[in-house]
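Undergrad: what shape does this take:
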Amino acid sequence: MRRPLKLAFRIFLLLFIVMNIIVIFHAYKFTHYYNQGEVIIKKQSDKTGWDITKELVLGINAVKQINSVPDSIYKTIYLTTNDGLKLEAWVTTKPAAKGTVAMFHGHGSKKSAILKEAATFREMGYNTLLLDFRAHGGSEGNTCTIGYNEAEDVKLAYEYLKTKGEKNIVLWGISLGAATITKAVNDYAIAPQKIILEMPFGSLPEAVVGVVKKMGLPPQPLSTLLTFWGGVEHGFWAFNLKPSEYVKQVRCPVLLQHGSKDPRVTNTETKEIFDNITTVKKWVEYTASAHESLCKNEHDKWVTEVSAFLQK
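TA: Coordinates of the predicted model:
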């Protein structure tokens, strides 16, 4: 009996080690963005069987997205992180504006992806600041920590506006951008006048579950291993990254918005975040939207809800 048990244990141990090695590669690729030209990205239709096998084992390469050309009203500025990375941002400085909305995009995205939202805020009478997170768009760096280090990026944008004399600062973020705002408030005690959060994940483990489900894979144990190794690779305990806890430190009014068809951020996560906000708050559901731009998909409703929130 001992020999079969030993063999079974060795097979299990080997499979466990191999699975962890594969997950380590995937965690790295999920949080790393190559510069344009560093890797070849093939269309799905052009991939060979070997290409697909490599992606299954080693993960999928991701390249920084290039921003589209902004409207001429934008001025490009650069903010510098503590570790010397230059972050690219676009700002507008129209005189007599009601305030400035600092805007933060989602994971793997770029600031030009939120130009529609920015234009709508300007129609409401606000200036805007659109920031590329580190490792995204026109900013330096190649590593994304899903909000852990990016909280500093939010702080830098906020401090820039403060140094320019802005008295009415609104923070707006979508997905990763929204989650990172909550961590910035928690870590740096920044004090905007209002916050708009669209589809923030409740915790990093829950965010990883959403990504794994989107890939059509069983969430466990893969999501737990991805969370663990992703944190290890970047030097932090990823299971403690919890926007649902960070929002307890918010001291200004909050508008929380969520798409009812969102396959990545659950209604349960959103409710926990909402329940933990202790200030003036409102939760708005967009019944025709998934994990996408609510402004683009349900524009009229978005304008009505956001403008009403800002006018209060």
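
Undergrad: residues making contact with the lowest-mean-pLDDT helix or strand in the chain?
TA: The weakest-scoring helix or strand in the chain, judged by mean pLDDT, DSSP states H and E, is helix 49-58 (a mean of 83). The contact list for helix 49-58 (Cβ atoms under 8 Å, 6 or more residues apart in numbering) reads 22, 25, 26, 29, 42, 47. Where you see a C-beta, it was placed from the backbone N, CA and C, and this is true even at glycine.

Undergrad: at 7 Å what do you get?
TA: Contact with helix 49-58 is made by 22, 25, 42, as judged by Cβ atoms under 7 Å, 6 or more residues apart in numbering.

Undergrad: just give me the least confident of the residues you listed.
TA: Lowest pLDDT of the contacts of helix 49-58: residue 42, 80.

Undergrad: number of residues surrounding the residue nearest to that residue when sequence neighbours are not counted?
TA: Once flanking residues are discounted, residue 42 sits nearest to residue 51: 6.3 Å by Cβ to Cβ, 6 or more residues apart in numbering. As a burial measure, residue 51 scores 13 neighbours (other Cβ atoms under 10 Å).

Undergrad: do the same with the one 5 residues further on
TA: Each residue near residue 56 was counted by other Cβ under 10 Å, and the total is 11.

Undergrad: same deal with residue 298?
TA: By the measure other Cβ under 10 Å, the count of residues near residue 298 is 20.

Undergrad: residues in contact with it?
TA: Shown in contact with residue 298 (Cβ under 7 Å, 6+ apart): 286, 288, 289.

Undergrad: now the last one, what's its secondary structure?
TA: Taking DSSP: H, G, I helix; E, B strand; the rest coil as the rule, one finds residue 289 in the coil state.

Undergrad: that one contacts residue 299, correct?
TA: No: at 10.8 Å, residue 289 does not count as touching residue 299 under the criterion of Cβ atoms under 7 Å.

Undergrad: show me which of the two is the more surrounded one.
TA: With other Cβ under 10 Å as the criterion, residue 289 and residue 299 differ in neighbour count, and residue 289 comes out ahead with 23 against 14.

Undergrad: please, where are all the strands along the stretch 1-150 of the chain?
TA: 75-80, 86-91, 100-104, 127-131 (DSSP state E, counting those that start in this stretch).

Undergrad: tell me what the next helix or strand along the chain from the last one is packed against?
TA: Once strand 127-131 ends, the next helix or strand along the chain (criterion: DSSP states H and E) is helix 150-163. With contacts defined as 3 or more Cβ pairs under 7 Å, 6 or more residues apart in numbering; DSSP states H and E, the packing partners of helix 150-163 are strand 75-80, strand 86-91, strand 100-104, strand 127-131, helix 176-188.

Undergrad: what about 6 Å?
TA: When contacts are defined as 3 or more Cβ pairs under 6 Å, 6 or more residues apart in numbering; DSSP states H and E, helix 150-163 packs onto helix 176-188.

Undergrad: I'd like the average pLDDT over the helix it packs on.
TA: Helix 176-188 carries an average pLDDT of 98.

Undergrad: stretch 10-21 now?
TA: 89.

Undergrad: alright, that wraps it up for me.
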